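Asker: Just the structure for this:
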Amino acid sequence: MTTKRCRLFYISTVKVFDGIRNFPALENDKAFAVSKSGKLALTVEKLLKQLPPQQCTIVRLPLVLGVNAPEITKLKYAIATQDVFEIYPDLVVNVTTDTRISQQLHYLVNQSKYGIFHSGSTDLIHHSDLFEEISEKLGSIRPLFKRVYESNADRFEAVLPKKSYSLEEHKYSVLDVINEVTLNQNIPTLKTTLL
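Answerer: Sure, this is the predicted structure:
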């Protein structure tokens, strides 16, 4: 017996595109994964695409941050202890937060949306710039940043939401995410000091 009114939501990851690192991924781009986690997520996505389209929603997430996210906690610890924090100057990302994911999922459920959606900021930033800006907003003391390069060219780990959300309140920038994870501290960021 099949239940026609049921719907399945699968939270996927940017890692389904980790075999394609030359540009950010859009919803309709063909996924190609090389990592274990990326291959697993891609296998699950392929299985779910065999369901009737109206019964499945796939939401791909970029780098997820939050006030108490593991990366932010590590950064705060590195600041407090003057320890090393690794940043990747050749990695281009987009970001989201735990609260924005829940808002967008709420929207998708209530609007009966189905298909593939990318949840993330509409703009991109280098991983190193992101954590330098967050560090700057958290206070005047900075951790010891260790710059780790994996390639000579920029590589992308970003899922851009080009068609995902039509409402303006579901569109946000990297700066909005930085403000959210630093609790809107009124310390100028690198972007505002460069303007």
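Asker: what's near enough to touch Gln82?
Answerer: 141, 143-144 (Cβ atoms under 8 Å, 6 or more residues apart in numbering). In this view, the C-beta of every residue, glycine as well, is placed from N, C-alpha and C.
Asker: and which of these is nearest to Leu105?
Answerer: Sorting the contacts of Gln82 by distance to Leu105 puts Pro143 at the head of the list, at 32.9 Å, by Cβ to Cβ.
Asker: shaky segments in this protein?
Answerer: Using pLDDT under 70 as the threshold, the predicted model of the chain has low-confidence ranges 1-4, 164-168, 184-195.
Asker: ranges for the helices of it?
Answerer: Shown for the chain, the helices assigned by DSSP state H span residues 36-48, 70-81, 98-110, 127-138, 174-181, 190-194.
Asker: Same list (the ones you listed) but as CSV, adding mean neighbour count and distance to Lys30.
Answerer: Conversion of these to CSV gives the following (neighbours: other Cβ atoms under 10 Å; distance: least, Cβ to Cβ, whole Å):
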stretch, mean neighbour count, distance to Lys30
helix 36-48, 15, 10
helix 70-81, 15, 29
helix 98-110, 15, 23
helix 127-138, 21, 25
helix 174-181, 20, 26
helix 190-194, 11, 33
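Asker: Let's have those helices in CSV, adding distance to Lys163.
Answerer: What follows is those, written out as CSV (distance: least, Cβ to Cβ, whole Å):
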stretch, distance to Lys163
helix 36-48, 17
helix 70-81, 28
helix 98-110, 13
helix 127-138, 25
helix 174-181, 20
helix 190-194, 27
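Asker: can you tell which of those is closest to Tyr88?
Answerer: Distances from Tyr88 to each of these were compared using Cβ to Cβ; the shortest belongs to helix 127-138, at 4.2 Å.
Asker: Relative to Val59, how far out is Leu8?
Answerer: 11 Å (Cβ to Cβ, to the nearest Å).
Asker: and what of Glu150?
Answerer: Using Cβ to Cβ, one gets 27 Å for the distance from Glu150 to Val59.
Asker: What of Glu27?
Answerer: Distance of Glu27 to Val59, computed by Cβ to Cβ: 10 Å.
Asker: cool, Asp129 as well?
Answerer: Between Asp129 and Val59 the distance, using Cβ to Cβ, works out to 26 Å.
Asker: which of the residues in stretch 157-174 are buried?
Answerer: Neighbour counts using 16 or more other Cβ atoms under 10 Å place 157-161, 164-165, 170, 172, 174 of stretch 157-174 among the buried residues.
Asker: follow-up on the earlier one: of the contacts of Gln82, closest to Lys46?
Answerer: Comparing the contacts of Gln82 against Lys46 with Cβ to Cβ picks out Pro143 as the nearest, at 40.5 Å.
Asker: In contact with the residue nearest to that closest one when sequence neighbours are not counted, which residues?
Answerer: The spatially closest residue to Pro143, leaving aside those adjacent along the chain, is Ala78, at 3.5 Å (Cβ to Cβ, 6 or more residues apart in numbering). When the contact criterion is Cβ under 8 Å, 6+ apart, the partners of Ala78 are 84-85, 143-144.
Asker: No further queries at this time; thank you.
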